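A.B. asks: Sequence and predicted structure below; questions after.
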Amino acid sequence: DPRKTWVRKAIKKGCALVDEHGLQTVITTSPPQSVQLIGRGIKRARSAVHWMADFRDPWTDIFYYDRLGHSALSRSIDAALERKVLQRADQVLAVSWGLRDLLAAKVAPVHHDKFHVLTNGMDFEPVELSEVSHREQGAFRVVYTGTLAPSYAPEAVLDAIAELNAAGERRPIEFDYYGGISPSY
């Protein structure tokens, strides 16, 4: 993580903010992964603080990790730091069920109950399907923002959209994409 140089100063500032404002909870969100090291440092210095480590992307399993040119020693250090963060955090949030399971598999089962999912773009008050008109005018739009890498395997979603559209029983579904896309797609 090229941003790791700020970790010590950020831990010091984070502890000062915890003390000044009486903060009881610290939430860190990554990437960059150095943010999780800051959370770990604050938790070590202020053990009463409840620390939630939020992962929007994998750490050592992110699709481009192998292209970063890490040495074997660097990969080992990253894996050890990742494991320490996952063990030390009071709660671990992941953007998907697959990422939650991937991260939880890196620690002993005794830690697994602290792993949770908080998706992006979640509607916390979903509309009941009985209230949705299947014959409304215009396409139903699904929007995806972010990176679409080969390891993300979106074929199941795209195939389901194609199958629903082919059936013709509902309004057509359109898939809008905004972000970086792998040449294979």
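C.D. replies: In hand now; what should we look at? Please read all numbers here as calculations on a predicted model, not as lab measurements. Numbering: from 1, shown residues only.

A.B. asks: Could you use CA atoms for every contact and neighbour count after this?
C.D. replies: Will do.

A.B. asks: could you say which helix or strand contains V142?
C.D. replies: Element membership of V142 [criterion: DSSP states H and E] is strand 140-145.

A.B. asks: Can you give the distance of stretch 140-154 from its chain's centre?
C.D. replies: Centre-to-centre, stretch 140-154 and its host chain are 14 Å apart (C-alpha atoms, centre = their mean, to the nearest Å).

A.B. asks: Please apply the same query to stretch 72-91.
C.D. replies: 16 Å.

A.B. asks: So which bits of that stretch are buried?
C.D. replies: Residues 78-79, 81-91 are the ones in stretch 72-91 that count as buried (16 or more other C-alpha atoms under 10 Å).

A.B. asks: Of the residues you listed, which is the nearest to I38?
C.D. replies: V85 (9.8 Å; C-alpha to C-alpha).

A.B. asks: Contact partners for the closest one?
C.D. replies: V85 makes contact with 36-37, 40, 53, according to C-alpha atoms under 8 Å, 6 or more residues apart in numbering.

A.B. asks: Mind putting those into JSON lines with distance to P150 and pLDDT?
C.D. replies: Putting the contacts of V85 into JSON lines (distance: C-alpha to C-alpha, whole Å; pLDDT from 0 to 100) gives the following:
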{"residue": "Q36", "distance to P150": "26", "pLDDT": "96"}
{"residue": "L37", "distance to P150": "28", "pLDDT": "96"}
{"residue": "R40", "distance to P150": "32", "pLDDT": "97"}
{"residue": "A53", "distance to P150": "26", "pLDDT": "98"}
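
A.B. asks: now, which of those residues sits nearest S96?
C.D. replies: A53 (14.2 Å).

A.B. asks: got the contact list for the host helix or strand of that closest one?
C.D. replies: In the assignment (DSSP H and E), A53 maps to strand 50-55. Taking contacts as C-alpha under 8 Å, 6+ apart, the residues outside strand 50-55 that touch it are 24-31, 36, 39-40, 43, 85-86, 89-95.

A.B. asks: and what of stretch 65-76?
C.D. replies: T60.

A.B. asks: List the ones among the buried residues of stretch 72-91 that fall in strands.
C.D. replies: Among those, DSSP state E puts Q91 in strands.

A.B. asks: Do a quick rundown of the helices in this protein.
C.D. replies: Secondary structure of the chain (DSSP state H): helices at 7-21, 34-45, 72-88, 97-104, 155-167.

A.B. asks: Low-confidence stretches in the chain?
C.D. replies: Counting by pLDDT under 70, the ranges of the chain that qualify are 1-4, 122-136, 151.
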